[in-house]
Structure formats: C-alpha cells, structure tokens
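[1] generate coordinates for the sequence data below:
(one chain, ligands or ions: 1)
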Amino acid sequence: MKRLLCMIYVTFIFNLHYSQNPSKKTSCYDLMDVLKVEPTPLYKLHLDASKSFGVKLLKDTKTIRKYISNGKFHAIKKKGKGYRVQKLNYSSAWMVSKASLILEKIGMRFTKETKGHTFTVTSITRTLEDQCKLRHINSNASLGLSSHNYGNSFDISYIRFNDVLKYNPKMEQALEKVLQYFANTGKIYYIKEKQQSCYHITVRNY
Ligand SMILES: [Zn+2]
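    Okay, the predicted model is just below:
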C-alpha cells in the first residue's frame, strides 16, 4: 500500500512539474542584446524622435494591434498622391497620425515638383520580431533598436520611381530636395541608406 501511494505521489509531482512548464515559445531576439547596441549620434536623433510619440517599443503584432484598436495607429493606404507602398514583408502599414500625414505631404510635394511622378515606400512599421526575421535574410538590418519599432519611420526607395526599378538620378534628386524641405522645416529627420538604396525617414513630434 505504501509503495502504491508513493508511486501515485511521484506520478502526481511529475505531472504537476511538466504541466507547469509547457514548451516555451522561444523569441526570435534577445531584448537585452537589442538594448545593448549603442546608436550613432545621428541615429540617436531618430530614436529620440520616435520615443517622443508615447508609443512603447513594438515587440510583436499583438502590440501593434493594441495601438490600432486604441486609435493611435492609422492605416497607410497602398496608393496616395505621389506615392505607392510596395508589398510589405517585414513591416506593416500602420503609423501614428503625424507620420501618416507627413507621408501624404511628401507625396503631394513630390508629385507637384515632378509633374505627376510617384516614389515607392518600401518599409514602414516593424516589430522587434519583424526586425529579427529581416536580419535573417539581410545582415545589414539593425541589430539594435530601430526607429521603425515605434510607428513613425518609413523608407522610400531612391531606385524605384513610377513602379519601375531603375537608377534615375533626376528623380532621386527631386526626392532628396523634397525631403530636405521637410527636414529644414523641422518635420523629419532622414538618412540616405546606401546598402538598402533608400531614404530612411523619421517623422518628428513637431
Ligand atoms: Zn529605415
């Protein structure tokens, strides 16, 4: 009898132990490693601007959904005046309202200056999960925090205009001129990212 009770007890403890430890879903990234990376002074301006919107670091799609349901994130249309959004694989088309407004304004100014041309947005809001997956296919993707992780940054290609992938210095210059205008008026920060052939744009909380 004693042995039987003992066996039941052991089985009970065994089951209890394992039921409390379901196989944990391992995350793609280590937050401590991400936070350890020191941004360059130029990039720090972008990150500080991103953090000023009151959006917490976007870890996964669940966090994005939270900001969609409370009205903080606005859907970015696939097509607007002067811009197109390409099919997004590692980011999603949601941003804070000021960023969405500035994208519209950049598009309008660009199409006016170029008499009807369009540029292509290649990346928008990224979660840490997205960023980690992206890094698996593109080793240049940021190891540390990215301003895309807060819903106010997007990338515009400088080698794709009017939906055509082609080196186009005239369009590239026109685009840079428009970005310079918005930077000068304190609305954005931008960096030309040669490895990705895009302008990385962060909207400021002006
Ligand atoms: Zn970017």
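
[2] ok, which stretches of the protein are helices?
    Using DSSP state H, the helices found in the chain span residues 2-19, 31-36, 41-51, 61-69, 97-113, 128-137, 169-184.

[3] the closest residue to the ion within the chain pairs with what?
    Closest residue of the chain to the ion, Cβ to the ion: residue 200 (3.4 Å). Backbone N, C-alpha and C define where each C-beta goes, glycine included. Beta-bridge pairing for residue 200 (DSSP bridges): residue 155, residue 191.

[4] list the contacts for it?
    46, 147, 153, 155, 190-193 (Cβ atoms under 8 Å, 6 or more residues apart in numbering).

[5] which pLDDT value belongs to it?
    If you check residue 200, the pLDDT there is 97.

[6] the ion contacts on this protein?
    Within the chain, the residues that sit near the ion (Cβ under 5 Å from the ion) are 155, 200.

[7] low pLDDT regions in the chain?
    1-26 (pLDDT under 70).

[8] let's see 80
    Within the chain, the ranges that satisfy pLDDT under 80 run 1-26, 139-142.

[9] burial of residue 60, as a residue count?
    13 (other Cβ atoms under 10 Å).

[10] want to throw the helices of the chain into a markdown table with mean neighbour count?
    Conversion of these to a markdown table gives the following (neighbours: other Cβ atoms under 10 Å):
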| stretch | mean neighbour count |
| --- | --- |
| helix 2-19 | 9 |
| helix 31-36 | 12 |
| helix 41-51 | 17 |
| helix 61-69 | 15 |
| helix 97-113 | 19 |
| helix 128-137 | 18 |
| helix 169-184 | 16 |
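
[11] now these as a markdown table including distance to residue 89?
    Formatted as a markdown table, those follow (distance: least, Cβ to Cβ, whole Å):
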| stretch | distance to residue 89 |
| --- | --- |
| helix 2-19 | 37 |
| helix 31-36 | 20 |
| helix 41-51 | 21 |
| helix 61-69 | 14 |
| helix 97-113 | 19 |
| helix 128-137 | 8 |
| helix 169-184 | 23 |
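
[12] surely residue 175 is in contact with residue 110?
    Yes: between residue 175 and residue 110 there is a contact under Cβ atoms under 8 Å: 6.2 Å.

[13] quickly list what's touching both of the two.
    In contact with both residue 175 and residue 110: residue 119, using Cβ under 8 Å, 6+ apart.
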